[in-house]
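> Next one to model:
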Amino acid sequence: MTTTTQYLTLKEIAPRWYKQLETKHKKPIIDAKLNIRDPKFCIAGEAHKFTDLYFFNIDHRCTTCVDFALDITNVIDHDKNSILPDKEKTYEKLKKGFEKHWNNKHANRKEPKLR
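Residues are numbered from 1 along each chain as shown. Alright, predicted model coming up:
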């Protein structure tokens, strides 16, 4: 018996950010918890269950997630948490890379227990 693993997209990895960025509402922040500049509340932070361990904790640090968190700030309007009009292609490239990384490195991994 073989099991197949579903390839996760941003919609499953970070659903609040997916809704914020991809519904094309163009309204200011619809989810006050989201903050693209905060490692805990950015896209990678939501993917890591709104924790910043992937960013700051040397034992749980993920440099690819850190790089993504930093790179994505260059394509997001910080006031509206929306994709900058001239950065949509860059956003798509970053998103696809993050999805691939997440599926390869984190999707089937058990989260560390926090003390």
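
> chain center to the longest helix along the chain: distance?
With DSSP state H applied, the helix covering the greatest number of residues in the chain is identified as helix 88-105. Relative to its parent chain, helix 88-105 has a centroid offset of 9 Å by CA atoms, centre = their mean, to the nearest Å.

> so where do the helices sit in this structure?
Secondary structure of the chain (DSSP H): helices at 10-13, 15-22, 43-47, 53-56, 63-72, 88-105.

> Y54 against D67, yeah?
No. Look at Y54 against D67 with CB atoms under 8 Å: they stay out of range, at 11.0 Å. Every residue, glycine included, has its C-beta placed from N, CA and C.

> coming back round to it: including distance to K80, mean neighbour count and mean pLDDT, could the helices of the chain go into TSV?
Shown next, in TSV, are those (distance: least, CB to CB, whole Å; neighbours: other CB atoms under 10 Å; pLDDT from 0 to 100):
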stretch	distance to K80	mean neighbour count	mean pLDDT
helix 10-13	18	16	96
helix 15-22	9	18	89
helix 43-47	15	25	93
helix 53-56	23	19	90
helix 63-72	14	18	93
helix 88-105	14	16	96
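
> Right, I'll call it a day here.
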